[in-house]
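> Turn this into a structure:
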Amino acid sequence: MLALWLPILLSAVFVFIASAFIHMALPWHNSDFKKLPKEDEIRAALRPFAVPPGDYMVPMCSGKEMNSPEYHAKLKEGPVQIVTVLPNQVHTMGKQLFLWFVYVLVVGFFTAYVTRHSVATGASYRAVFRIAGAVAFLTYAGALWPQSIWYSKNWGATFRSTVDGLVYALVTAGTFGWVWPR
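Presented below is the predicted three-dimensional model:
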């Protein structure tokens, strides 16, 4: 695995650059989130509750209540929501960018691990590309779809992020194929 730190690190840097380009230079993700109607009124109505940061489902029930008439009435009455509450602060991107880079390194590590155990040292570019690309794609995009299936996340955003994952996988696969130990 020590011989694979070059493709791991280089692919992480290249994917980081590609993701920066996708998210900053292209309007590709501009429609991932929508603005609430009467946003200021909704914010003012929620502010007194000081909801702590976290993920919430409204209405929420335990498994036992799921089939109760009371819970069904709440669902019909609405609103039905899944909400992520962030801390009240100006959000800078430093922490998220650092965590994204760590994640990209982790993807590179596991891509190297699987590829190393699937193809030999000195394997052809195409053999390395095929395995590294498949592993990286599943890692970058595989977990996105259940969010839309189970939690109704916007399918358009999921599709766009899946395409991003394909780009990141191609960058990773190309880098691995290029600097694979000969």
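> did I read that right, V83 in a strand?
Yes - according to DSSP: H, G, I helix; E, B strand; the rest coil, V83 belongs to a strand.
> Now it: closest residue in space that isn't a chain neighbour?
Y56 (4.7 Å; C-beta to C-beta, 6 or more residues apart in numbering). (Each C-beta comes from the backbone N, C-alpha and C, glycine too.)
> wait, is that neighbour part of a strand?
Yes - under three-state DSSP, Y56 falls within a strand.
> Provide a list of residues in contact with it.
The neighbourhood of Y56, defined by C-beta atoms under 8 Å, 6 or more residues apart in numbering, consists of Q81, I82, V83, T84, V85.
> For A50, see how far away the nearest residue to G54 once chain neighbours are set aside is.
Excluding the flanking residues, the one nearest G54 by C-beta to C-beta, 6+ apart is V85, at 5.9 Å. With the distance defined as C-beta to C-beta, to the nearest Å, V85 ends up 10 Å from A50.
> next one: R182
Distance from R182 to A50, by C-beta to C-beta: 60 Å.
> distance from the centroid: which residue in this structure tops it?
P69 (36.1 Å; C-alpha atoms, centre = their mean).
> so which strand or helix has A136?
helix 125-141 (DSSP states H and E).
> residues of that helix that come out buried?
Under the neighbour-count criterion of 16 or more other C-beta atoms under 10 Å, helix 125-141 has 127-141 buried.
> now the angle from the longest helix along the chain to helix 125-141?
The residue-count maximum for a helix in the chain (DSSP state H) belongs to helix 155-179. Helix 155-179 runs at 150 degrees relative to helix 125-141, counting by axes from the mean of the first three to the mean of the last three C-alpha atoms, to 10 degrees.
> Can you list the buried residues in helix 155-179?
Here helix 155-179 shows 157-158, 160-162, 164-165, 167-177, 179 as buried, counting by 16+ other C-beta under 10 Å.
> Contacts made by it with the rest, please.
6-7, 10-11, 14-15, 18-19, 22, 28-29, 31-33, 104, 107-108, 111-112, 115, 125-126, 128-130, 132-134, 136-137, 140-141, 144-145, 147-148.
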